[in-house]
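Chemist: The sequence isn't on hand, but the structure is:
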């Protein structure tokens, strides 16, 4: 029964709250409605969280988001494993974040490969540009910046700027 209630709640969010327009401000009407709708469904949900319109996330109970953080418009978070978003994190529009991927064992057809799940952690004070893809098992270190359009396949060092496909160190923040 609990699974059906979660699905019903998610369905209602997807139809109603997800698409309410709002300004890029956690106190705007649409952001407050989304926060009220999502609070209690996440593993943890901080204060002043700004979930922008069009954001798709599932399952919510695997996601934690810290105070003063935001997820940009039309982002997608697939949380088969735990997703931790720290405090003061800015995520631009159209993020793609995955915590699971298919295995690639020889001798097993691709369609029958098992899923491999790994958590994703975005530490405090991080800026993730628009259209970034984050793959399973990645940690993005405190105070880092990930450039727009990057594909993050490995951990990002704290206080650094990464960019590219795959994302590589551009320089340390000074």
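Modeler: Everything's here; your move. Keep in mind it's a predicted model, so treat the numbers as computed, not measured.

Chemist: Taking the centroid of the protein, which residue is nearest it?
Modeler: residue 77 (4.6 Å; C-alpha atoms, centre = their mean).

Chemist: my guess is that residue contacts residue 65, does it?
Modeler: No. Counting by C-beta atoms under 8 Å, residue 77 stays clear of residue 65, with 9.9 Å between them. Heads up, the C-betas are built off the backbone N, CA and C, glycines and all.

Chemist: who touches both of these two?
Modeler: residue 71 (C-beta atoms under 8 Å, 6 or more residues apart in numbering).

Chemist: Now do residue 60 against residue 149, distance only.
Modeler: Between residue 60 and residue 149 the computed distance is 27 Å (C-beta to C-beta, to the nearest Å).

Chemist: now residue 5
Modeler: 38 Å.

Chemist: So between those two, which is more surrounded?
Modeler: Neighbour count, other C-beta atoms under 10 Å: between residue 5 and residue 149, residue 149 has more, with 15 against 9.

Chemist: And the residue lying closest to the more buried one once chain neighbours are set aside, how far from residue 44?
Modeler: What sits nearest to residue 149 in space, not counting adjacent residues and going by C-beta to C-beta, 6 or more residues apart in numbering, is residue 131, at 5.1 Å. Going from residue 131 to residue 44 by C-beta to C-beta gives 27 Å.

Chemist: Settle it for me: which of these two has more neighbours?
Modeler: Higher neighbour count among residue 131 and residue 44: residue 131, with 17 against 11, using other C-beta under 10 Å.

Chemist: Surely the more buried one and residue 94 touch.
Modeler: Yes. Taking contacts as C-beta under 8 Å, residue 131 lies within contact range of residue 94: 4.7 Å.

Chemist: sorry, back to before: not counting its neighbours along the chain, what's nearest the residue nearest to the centre of the chain?
Modeler: residue 57 (4.3 Å).

Chemist: The one you found - that's part of a helix, no?
Modeler: No. Read with DSSP: H, G, I helix; E, B strand; the rest coil, residue 57 is strand and lies in no helix.
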